[in-house]
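**Q** What follows is a predicted protein model with its sequence.
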Amino acid sequence: MFFASCGSKKQVNTPLTAQVNVVGEDPYKTITLRSIGFGKNEDAAQYDSERKAFEILFFRGIPNTSVEQPLVGPNENEIMSKHSAYFNDFFKDRYKSFIMSIYNASPPQKNKGQVSVVSDIKINLMALKKELENKGVKRRFGF
């Protein structure tokens, strides 16, 4: 599935599950990501889209943005294991408190029993970084 849009976007691909592009940012404050999620139904695809946006920020970073380096670190499995209680709680429902807005960029698509959604997700980076520091998942930013 290929989605085209106008403007300059930085693309990051995650294996087989989602694509994440930068739509816009207010450096160090907010970032808007276009994320493509997949699932067995629309709700599962929307969750996948939202989760992948955060995973890219946490473990990959996005070149040419204020989040060039991963917010947490590149060793995803080790970090997820070490802070499993935090990430389980975060991805259960807490992550939604860092989403400022969600816009569905196109209607959900169905293909061979799988649904895909394209969402523009505006994330409060300042609050997210502070949360990661306060919960001990990441040492203080800038030091």
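**A** Received it, and whenever you're ready, just let me know what you need. Numbers count the residues shown, from 1 in each chain.
**Q** Ramachandran angles for the closest residue to Leu128 other than its chain neighbours?
**A** Leaving aside its chain neighbours, Leu128 sits nearest to Phe98 (4.8 Å; criterion: Cβ to Cβ, 6 or more residues apart in numbering). Where C-beta positions appear, they are placed from N, C-alpha and C, glycine not excepted. For Phe98, the backbone dihedrals (degrees, to the nearest 10) come out as phi -100, psi 0.
**Q** which ones are touching Phe98?
**A** Residues near Phe98 by Cβ atoms under 8 Å, 6 or more residues apart in numbering: Phe54, Ile123, Asn124, Ala127, Leu128, Glu131.
**Q** how does it look with 6 Å?
**A** Ile123, Asn124, Ala127, Leu128 (Cβ atoms under 6 Å, 6 or more residues apart in numbering).
**Q** Between which two of those residues is the distance greatest?
**A** Greatest spatial distance in the contacts of Phe98: Ile123 and Ala127, 8.9 Å, computed using Cβ to Cβ.
**Q** between those two, which one's more packed in?
**A** Ile123 (22 against 14; other Cβ atoms under 10 Å).
**Q** surely that one meets Lys29?
**A** No: using Cβ atoms under 6 Å as the test, Ile123 is too far from Lys29 to be in contact (10.1 Å).
**Q** Show me where this protein has its strands.
**A** 11-14, 18-26, 30-39, 99-111, 114-124 (DSSP state E).
**Q** Which of those strands has the highest mean neighbour count?
**A** strand 30-39 (a mean of 23; mean count of other Cβ atoms under 10 Å).
**Q** model confidence over that strand, on average?
**A** Mean per-residue pLDDT for strand 30-39: 95.
**Q** what's the spacing between it and its chain's center?
**A** Averaging C-alpha positions (Cα atoms, centre = their mean, to the nearest Å) puts strand 30-39 6 Å from its chain's average.
**Q** That one pairs with which strands?
**A** Applying DSSP bridges to the sheet, strand 30-39 is found paired with strand 18-26 (antiparallel), strand 114-124 (antiparallel).
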